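Asks: Make a model of this:
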Amino acid sequence: METKKTVCENGEHVKQTKKQLFWEIFRFLLVGGTATVVDYLVFWLFDGWLLPLLPFSGKTWGIVALVIATALGFCVGLAVNWILSVRFVFRQVRDKDTVATKKSFFVFTVIGLIGLAITEIGVVLLVEFLPQITLFGETEFFRTSWTKWLSKMIMTCIVLVFNYTGRKLLIFKS
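Replies: Residues are numbered from 1 along each chain as shown. Predicted coordinates for the structure are as follows:
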């Protein structure tokens, strides 16, 4: 099997094969999918249920509420992603002790915050400029507009690539 990169495992240098890299990416997608489900659930809880209970209205409040719900979902998803990434995804790393440090968590979080900024900007712009979407004769799904769901899905795909690349290059080096 063709090798990809040199890594250190239990003090010994070994080669990361294409197969190992494939399974690492598969685990990353599985963990990312789990974190995304958590992100979307928290987003939906706030966008569809909790924030509408507040005594605010108007277009400005709608944008603020969208930003708040997106940020809260993203942050909870980020925490789930960190825990699962350290424990499950990146098995072939140079220094496993360094990966689980506060510094690594800080870098992980900064990458996440950049991803959050990209997500927030993209979701707000898409919600503003996409037409109202009707699916199955409905403009909403679980009390949140289809346009918001679609915008969030589009930005999730874009930020997924950014997150994997940044975290692999800066934290989980192999």
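
Asks: For K173, identify the helix or strand it belongs to.
Replies: Using DSSP states H and E, K173 maps to neither a helix nor a strand.

Asks: G62: how many residues sit nearby?
Replies: Neighbour count of G62, defined by other Cβ atoms under 10 Å: 14. All C-beta atoms are positioned from the backbone trio N, CA, C, and that covers glycine.

Asks: nope, R143 is what I meant
Replies: 10.

Asks: so it sits right up against G48, yeah?
Replies: Yes. Here R143 reaches G48: they are 3.4 Å apart, a contact under Cβ atoms under 8 Å.

Asks: Could I get the contacting residues of I68?
Replies: 46, 51 (Cβ atoms under 8 Å, 6 or more residues apart in numbering).

Asks: same thing but 10 Å
Replies: Shown in contact with I68 (Cβ atoms under 10 Å, 6 or more residues apart in numbering): 43, 46-47, 50-51, 54.

Asks: likewise F43?
Replies: 66, 68-74, 76-77, 123, 144, 148-149, 152.

Asks: among those residues, which are in helices?
Replies: The helices, defined by DSSP state H, take in 66, 68-74, 76-77, 123, 148-149, 152 from the contacts of F43.
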